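S.K.: Turn this into a model:
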Amino acid sequence: MHSHYVTATLLTLAMSPLAAMDSHIVGPRALGMGGTGTAAADDQTASYWNPAVYGFFSRTGEGDAKLASDPNFVGRKDWGVGLADVGAQAEIRGNLADWVQQLADGNLATLDNLGSGAGSPNDLKSIMAALDMINRFTPSRDTVNIAGNVGILNTRVLHVGLGFRQFAEGVVSVADLDKINIGFGTSTGAVLGDDILATATPDGYTPGHVPTLITGQQATDLATALGGSNPTEAVNRLDYAAGQAGLTQADVDSLLAGGSGLLYNAVAASSNPALAFDNNQTAAFTAGYTVAEVPLTVGWALNDHLSVGGNLKLMIGRVAGAKVRFLSDNNNLSDLLHDAFADAHQTVTAGVDLGFMARCSWAQGGLTVRNLNRPILKGGTYKDADGEDFTVSDVALEPQVAIGAAVYPWETVCLTADLDLTENQTRISTSSGRPLAAGIDPTLTIEYATRRLGVGAEWNAFRFLALRGGWSKDLAESETGMMIHGGLGLNFWAVRLDLAGAVSTERVEVDGSEVPRAFNVGAGLSVDF
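M.R.: You can find the predicted model right below:
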């Protein structure tokens, strides 16, 4: 499989409709204000953020006058429909983007064919990139996490709501990480050092290259291991290829650690055709789950200052996964994903959410508990690209607890903050049914958590334009840095169009371009009376 297909594979995985119950941001209004809604939600998205808000809808004084304890005047709202809204988020964690970039120009399928006359100038670069990836990759840590949610016809009438929302989350990583089948240059039967010399000269390489990464005793020891007519020149070419692949000194030192690093193991494996890189079992892996929810929302105001509410949710979920070896000739990954979800066990269950809200004339605070009863979605067994079985375990949707506060210095201005009191865990486990060589771990558990702290503000300028901004931070994960949020709402009488987005301050290089490590986008159209 060509390494440009590796990149395409991961992009396909990242766009696939996988799902979970992470700490989602529902609705573009909340997204624009730093992912805050527990105390500030004022429309049908309150079903998710805090169902207690429903108790305060359509609650006014005599002659429909605004109550003194209603800081954002939600009492004027009798009914509304969220016609449609959508949100999507992605996050690159660890070193996943690094090795995708390293492999972008190589052809992994030729790594066991050095010196055969069929080589290319990128072969040695591909070798060093592939070995570096295998050496330092941590499947449970180096991931792309994707999530999304879609709401359709979420309707509220007075203190009751009913609607539909699909949550989706997935993870992209590597399974069956193979550090055994890493031999290269076995096809010609020559000494490996001579195979390297017979390979097409790397682009830009000149004889007499002075090594900068493989030097001193490391160069001497590696030359001895390679053998051949001019092992020093072979080492020089590998040093140049390591630089081409973007390896650092620390990466090379790890590959050559103590004379027994992974590069030495690859040299030793190259004398055994059974351990050729062409037999490597490392696979791109993705798994996740979808949850369709139909929540019945009810809110009850205890008085003008206190309200409680809840959701009783019908939940229909599927857990699925797909896997394809990096060296597989099967390119139908999207078909595998489609088939996996089509064949996945469908779990029909119920969920319970609770919300509480207290308010005064200028502020309000809320507390929300989601998935109080810990619903469980059943996993299953699936086929990888080569027809081999692998399993994805059951997924538990753990309870989530969040608090929020909102301050209204004026009716048209909202200052708000949210905090997740729980770390919202996502845990996906898989086990390979493929016969693997001794030393390859057939199991993989990917576990990560999010815990969002967000602050934001909204200004309803001139009543028809809402301007929003905010900031958020994942307290369970420092790698993405801060998230900067922004959005706007356009009010056309009772119809509202909302747009929002957020990007992380930390960036990573993908395909030669710097991109944010995390981003969110959202849009929605609603009718609000």
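
S.K.: which residues of the stretch 51-200 of the chain fall in helices?
M.R.: In chain order, the stretch 51-200 of the chain shows helices spanning 96-102, 123-136, 192-198, with DSSP state H, counting those that start in this stretch as the criterion.

S.K.: and what of the chain?
M.R.: In the chain, helices defined by DSSP state H lie at 3-14, 28-32, 46-49, 96-102, 123-136, 192-198, 216-226, 231-244, 249-255, 262-269, 333-343, listed in chain order.

S.K.: Which among those is found nearest to residue 410?
M.R.: The closest approach between residue 410 and any of these, judged by CB to CB, belongs to helix 28-32 at 17.9 Å. Placement of C-beta: from N, CA and C, glycine included.

S.K.: now for the closest one, which elements pack on it?
M.R.: Judged by 3 or more CB pairs under 8 Å, 6 or more residues apart in numbering; DSSP states H and E, helix 28-32 is in contact with strand 79-93, strand 452-461, strand 465-474, strand 482-492, strand 495-504, strand 518-528.

S.K.: Of all these, which one is nearest residue 378?
M.R.: When those are compared for distance to residue 378 using CB to CB, the nearest one is strand 79-93, at 25.6 Å.

S.K.: For the helices and strands packed on helix 28-32, give me a markdown table that also has distance to residue 150, mean pLDDT and mean neighbour count.
M.R.: Supplementary listing: those in a markdown table, determined by distance: least, CB to CB, whole Å; pLDDT from 0 to 100; neighbours: other CB atoms under 10 Å:
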| stretch | distance to residue 150 | mean pLDDT | mean neighbour count |
| --- | --- | --- | --- |
| strand 79-93 | 5 | 94 | 21 |
| strand 452-461 | 20 | 96 | 20 |
| strand 465-474 | 21 | 96 | 21 |
| strand 482-492 | 18 | 95 | 18 |
| strand 495-504 | 15 | 96 | 20 |
| strand 518-528 | 10 | 94 | 21 |
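
S.K.: Let me have the ones you listed in CSV, extended by distance to residue 255.
M.R.: Putting those into CSV (distance: least, CB to CB, whole Å) gives the following:
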stretch, distance to residue 255
strand 79-93, 23
strand 452-461, 38
strand 465-474, 32
strand 482-492, 35
strand 495-504, 31
strand 518-528, 30
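
S.K.: what's the closest of the ones you listed to residue 73?
M.R.: Proximity to residue 73 (CB to CB) singles out strand 452-461 among these, at 11.0 Å.

S.K.: Name the strands paired with the closest one and say parallel or antiparallel.
M.R.: Listed by DSSP bridges, the sheet partners of strand 452-461 and their directions read strand 413-420 (antiparallel), strand 465-474 (antiparallel).

S.K.: Out of these, which gets nearest to residue 253?
M.R.: strand 465-474 (31.9 Å).

S.K.: List the contacts of the closest one.
M.R.: 29, 32-36, 450-461, 480, 482-491, 498, 500, 502 (CB atoms under 8 Å, 6 or more residues apart in numbering).

S.K.: Just give the nearest non-adjacent residue to residue 357, would you?
M.R.: With sequence-adjacent residues excluded and distances taken as CB to CB, 6 or more residues apart in numbering, residue 357 is closest to residue 52, at 4.0 Å.

S.K.: now the residue nearest to residue 142 when sequence neighbours are not counted: how far from residue 479?
M.R.: The shortest distance from residue 142 to any residue other than its chain neighbours is 3.5 Å, reached at residue 94 (CB to CB, 6+ apart). Counting by CB to CB, to the nearest Å, the gap from residue 94 to residue 479 is 8 Å.

S.K.: cool, and residue 487?
M.R.: The gap separating residue 487 from residue 479 is 24 Å, by CB to CB.

S.K.: Looks like residue 391 contacts residue 384 (just checking).
M.R.: No. Using CB atoms under 8 Å as the test, residue 391 is too far from residue 384 to be in contact (11.2 Å).

S.K.: So between those two, which is more surrounded?
M.R.: It is residue 384, of residue 391 and residue 384, that has more neighbours when counted by other CB atoms under 10 Å, with 25 against 15.

S.K.: which residue packs closest to that one, ignoring adjacent ones?
M.R.: Nearest-residue entry for residue 384: residue 323, 4.1 Å, with adjacent residues in sequence omitted and distances by CB to CB, 6+ apart.

S.K.: okay, now the one you found: neighbour count?
M.R.: Counted with other CB under 10 Å, the neighbours of residue 323 add up to 27.

S.K.: Kindly report the same for residue 193.
M.R.: 26.

S.K.: Spatially nearest residue to residue 297 (excluding sequence neighbours)?
M.R.: The shortest distance from residue 297 to any non-neighbouring residue, by CB to CB, 6+ apart, is to residue 161 (3.7 Å).

S.K.: close enough to count as contact, that neighbour and residue 44?
M.R.: Yes. Counting by CB under 8 Å, residue 161 does reach residue 44; the two are 6.2 Å apart.

S.K.: Could you name every residue contacting both of these two?
M.R.: Taking CB under 8 Å, 6+ apart as the contact rule, the neighbours common to residue 161 and residue 44 are 154, 155.

S.K.: So which of the two has more stuff around it?
M.R.: Neighbour totals were compared for residue 161 and residue 44, and residue 44 leads with 32 against 26 (other CB under 10 Å).

S.K.: How about the residue positioned nearest the centre of the chain, nearest residue that isn't a chain neighbour?
M.R.: The chain has residue 145 as the residue nearest its centroid, 0.8 Å off, counting by CA atoms, centre = their mean. Counting by CB to CB, 6+ apart, residue 91 is the residue found nearest to residue 145 once chain neighbours are left out, at 4.7 Å.

S.K.: Check the gap between that neighbour and residue 38 for me.
M.R.: Between residue 91 and residue 38 the distance, using CB to CB, works out to 22 Å.

S.K.: swap in residue 139?
M.R.: Here the criterion is CB to CB. By it, residue 139 lies 34 Å from residue 38.

S.K.: same thing with residue 78?
M.R.: The gap separating residue 78 from residue 38 is 23 Å, by CB to CB.

S.K.: just to revisit the earlier point, burial of the residue nearest to residue 357, as a residue count?
M.R.: Each residue near residue 52 was counted by other CB under 10 Å, and the total is 31.

S.K.: Report the contact partners of it.
M.R.: 299, 307, 308, 309, 355, 356, 357, 366.

S.K.: Can you give me every residue that contacts the residue nearest to residue 353 when sequence neighbours are not counted?
M.R.: Closest residue to residue 353 apart from its sequence neighbours, by CB to CB, 6+ apart: residue 311 at 4.0 Å. Taking CB under 8 Å, 6+ apart as the contact definition, residue 311 lies against 47, 51, 295, 296, 297, 351, 352, 353.

S.K.: Fine, thanks again, bye for now.
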